[in-house]
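**Q** could you work out the structure for the sequence below:
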Amino acid sequence: MKFSLFSLAVVTNGFAPGHAMMQTGEAMEPYVESGVNYMCNARNGFAAEMVNRACFCGYLEDRREVESQLEDITGQEVACVDGFANDYPCNDVSLLSFLPLSTLNSVTGSRTDEANDIWGWVDPRDQREYAIIGLYTGTAYVDITDPVNPKYLGKLPLKRNGRSIWADIKVFGNYAFIVSESASQGMQILDLSQLRDITEPKVLTETAHYDKITSSHNIFINEDTGFAYLVGTRTCSGGLHMVDINDPLNPVFVGCYSDDGYTHDVQCVVYDGPDTEHVGKEICFASNEDTVTIVDVSTKSNPILISRTGYQTSEYTHQGWLTEDQKYFIFNDELDERGRRIPTTTYVVDVSDLDNLGTVNKYEAVTRAIDHNLYVRGEYVFEANYRAGLRILKINDMATANFTEVGVFDIYPESDSNEFNGAWSNFPFFPSGNVIISGIEQGLYVVKPNLNLSSPPRPSMPEDDVNQENEDTI
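**A** Numbers count the residues shown, from 1 in each chain. The predicted structure follows:
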């Protein structure tokens, strides 16, 4: 039986889950912190048993004080020599700079707010590179074009001064879209072009807001189509809440997919893989707690389930990413290392036939850390594995899940055990080849792998198509 966090959320607040296109009358917590914290304190048998399956509660159990004594590391590259860059264990990855949480939170005075997710923006006007890092009370913005001298620009507080350990950010054109588990968040929209003119760090104000949800665990944006997919909301049974953002300042709800319950994370693409039956359709690859669920969302008002695939060691199917040929889906399970006492495990499934996926194979690392978020760029997989930090795998043979670890930057030197501390996520898609890492208790790392990375393709949506209102005259 599949249990959704959405269903549990409404049960613990005294509501029964529904399956309408949009569910109304959403329960609001009396406190701005996410409802999952309320849930994790549940003591009644059913609720307590079910929340223990979720990443939320394990994270809360392992929550540590932030490392408030850390200082900026800037001014010059710190090479990886004899397995270390400063005090950080490494392999073929150098440290370019580091900004601690005290810096990232400085404009709001909340110096020890933890970090969570991270994403990047490349300004199409001049190719400057920016890091956007989620924090307990907002999102921080850093110009990393000069990676050894990062420039902190400011922080956008969560809506209504909300607070939550969980947040997510994605970018479309010149706009950032920010969601959070804070019950008052909705979806914030920030015009990133304003970052060009900031000379001193400041508190930022949202440019627009989407209020058809209260909270959301994650967001994915398909830049090829201009649709955002909000998952883990209190709508759509926690499944895909689809929003047209082609006019970024006026987002429009366009449909739900709720038939497979709660979706933890998702990647949606205009499919161009080997399954000719589905070429040209918009297909979502969803990590749905205990399955990889594939959905055709070409018609937003009538999404169609293509397949759902489980695997033997499933504990909590968390997140994944397609290979660039769209033949394989590489994914992680957030609770298998802890629940089954196994090494850090990366899963690979052949998705050449979307209706009938191949066998789920696995790669086991030398550490026992929990794997969290991974991304694929060319022949490399970039994994943020909590206490084991950034791990870079070279793809050898996808059919057998054969990888070689070719890069390491471990931001939690004390331990590689299976606990929820250290590296939350990474972003490896900058043209420069630099990678940014978000450290939960630490802050923002900018690192340089010693790899021959090809530049990622330019986002398919040109700047002037999504930024007509703020286009610069040059």
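**Q** that's a helix at Ala399, yeah?
**A** Yes: according to DSSP: H, G, I helix; E, B strand; the rest coil, Ala399 belongs to a helix.
**Q** tell me the mean pLDDT over stretch 154-174?
**A** Summarised as a single mean, pLDDT over stretch 154-174 is 96.
**Q** how about it: buried residues?
**A** By neighbour count on 16 or more other CB atoms under 10 Å, the buried set for stretch 154-174 is 154-159, 162-174. C-beta coordinates here come from the backbone N, C-alpha and C atoms, glycine included.
**Q** cool, and stretch 281-300?
**A** Neighbour-count burial for stretch 281-300 [16+ other CB under 10 Å]: 281-298, 300.
**Q** tell me the gap between it and the middle of its chain.
**A** Distance, stretch centre to chain centre, for stretch 281-300: 17 Å (CA atoms, centre = their mean, to the nearest Å).
**Q** end to end, how far does that stretch reach?
**A** One end of stretch 281-300 sits 12 Å from the other (CA to CA, to the nearest Å).
**Q** could you pull up the mean pLDDT of that stretch?
**A** 97.
**Q** stretch 356-363 too?
**A** For stretch 356-363, the per-residue pLDDT averages 96.
**Q** convert that stretch to PDB, retaining C-alpha atoms only.
**A** Written as PDB, here are the backbone C-alpha positions of stretch 356-363 (Å, rounded to 0.1, in the frame of the first residue of the first chain):
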ATOM      1  CA  ASN A 356       7.900  -1.200 -19.500                       C
ATOM      2  CA  LEU A 357      11.100  -0.100 -17.700                       C
ATOM      3  CA  GLY A 358      14.100  -2.400 -17.400                       C
ATOM      4  CA  THR A 359      15.600  -3.900 -14.400                       C
ATOM      5  CA  VAL A 360      16.700  -1.500 -11.600                       C
ATOM      6  CA  ASN A 361      20.400  -1.900 -11.100                       C
ATOM      7  CA  LYS A 362      22.500  -0.300  -8.400                       C
ATOM      8  CA  TYR A 363      26.000   1.100  -7.700                       C
END
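**Q** list of residues touching it?
**A** With CB atoms under 8 Å, 6 or more residues apart in numbering as the contact definition, stretch 356-363 has outside contacts at 292, 294, 307, 309, 311-313, 345-352, 393, 399-403.
**Q** at 6 Å instead, please
**A** Thr309, Tyr311, Thr345, Thr346, Tyr347, Val348, Val349, Asp350, Val351, Ala401, Phe403 (CB atoms under 6 Å, 6 or more residues apart in numbering).
**Q** count of neighbours near the fifth one?
**A** Tyr347 has 22 neighbours, counted by other CB atoms under 10 Å.
**Q** checking my notes, it in a strand, right?
**A** Yes: the assignment for Tyr347, made by three-state DSSP, places it in a strand.
**Q** what bridges to it?
**A** Going by DSSP bridges, Tyr347 is paired in beta bridges with Phe331, Lys362.
**Q** before we move on, the earlier item: closest one to Thr276 out of the contacts of stretch 356-363, please.
**A** Val351 (13.6 Å; CB to CB).
**Q** so how far is Leu190 from the closest one?
**A** Distance from Val351 to Leu190, counting by CB to CB, to the nearest Å: 34 Å.
**Q** redo the contacts of stretch 356-363 as JSON lines? Include distance to Ala423.
**A** Converted to JSON lines, the contacts of stretch 356-363 look like this (distance: CB to CB, whole Å):
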{"residue": "Thr309", "distance to Ala423": "28"}
{"residue": "Tyr311", "distance to Ala423": "24"}
{"residue": "Thr345", "distance to Ala423": "17"}
{"residue": "Thr346", "distance to Ala423": "15"}
{"residue": "Tyr347", "distance to Ala423": "19"}
{"residue": "Val348", "distance to Ala423": "21"}
{"residue": "Val349", "distance to Ala423": "24"}
{"residue": "Asp350", "distance to Ala423": "28"}
{"residue": "Val351", "distance to Ala423": "27"}
{"residue": "Ala401", "distance to Ala423": "22"}
{"residue": "Phe403", "distance to Ala423": "18"}
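**Q** adding pLDDT, write the residues you listed out as a markdown table.
**A** Putting the contacts of stretch 356-363 into a markdown table (pLDDT from 0 to 100) gives the following:
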| residue | pLDDT |
| --- | --- |
| Thr309 | 97 |
| Tyr311 | 96 |
| Thr345 | 96 |
| Thr346 | 98 |
| Tyr347 | 98 |
| Val348 | 98 |
| Val349 | 98 |
| Asp350 | 98 |
| Val351 | 98 |
| Ala401 | 97 |
| Phe403 | 98 |
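**Q** pLDDT below threshold where in the stretch 251-400 of the chain?
**A** Along the stretch 251-400 of the chain, no part satisfies pLDDT under 70.
**Q** and the helices in it, which stretches?
**A** Under the criterion DSSP state H, counting those that start in this stretch, the stretch 251-400 of the chain contains helices at 336-339.
**Q** just the stretch 51-200 of the chain next, same as before
**A** Using DSSP H, counting those that start in this stretch, helices in the stretch 51-200 of the chain cover 55-62, 101-104.
**Q** least reliable of these by average pLDDT, please.
**A** helix 55-62 (a mean of 66).
**Q** tell me the phi and psi of the closest residue in space to Thr309 that isn't next to it in sequence?
**A** With sequence-adjacent residues excluded and distances taken as CB to CB, 6 or more residues apart in numbering, Thr309 is closest to Leu357, at 4.5 Å. Per-residue torsions, Leu357: phi -70, psi 150 (degrees, to the nearest 10).
**Q** count the neighbours of Leu357 for me.
**A** Neighbour tally, Leu357, other CB under 10 Å: 19.
**Q** then the one 5 residues further on?
**A** Applying the criterion other CB under 10 Å, we find 17 residues in the vicinity of Lys362.
**Q** same deal with Gln76?
**A** Neighbour tally, Gln76, other CB under 10 Å: 11.
**Q** contacting residues around it?
**A** Val148.
**Q** what does the one 4 residues further on give?
**A** Residues near Cys80 by CB under 6 Å, 6+ apart: Cys90, Val93, Ser94.
**Q** could you redo the last one with a cut-off of 10 Å?
**A** When contacts are counted by CB atoms under 10 Å, 6 or more residues apart in numbering, Cys80 is found next to 86, 88-95, 407-409, 447-450.
**Q** distance of it from Leu390?
**A** Cys80 is 12 Å from Leu390, by CB to CB.
**Q** and for the two, which residues touch both?
**A** Tyr88, Cys90, Val93, Gly407, Val408, Phe409, Val447, Pro449.
**Q** separation between the last one and Glu405?
**A** Yep, that's Pro449 we're talking about. 12 Å.
**Q** just the third one next, same as before
**A** When distance is defined by CB to CB, Val93 is 11 Å away from Glu405.
**Q** so for the two, which residue has more residues nearby?
**A** Val93 (27 against 17).
**Q** that one and Gly433 touch, don't they?
**A** No: the criterion here is CB atoms under 10 Å, and Val93 misses it with Gly433 at 11.2 Å.
**Q** and for those two, which residues touch both?
**A** Lys448, Pro449, Asn450, Leu451.
**Q** out of these, which are buried?
**A** Lys448, Pro449, Leu451.
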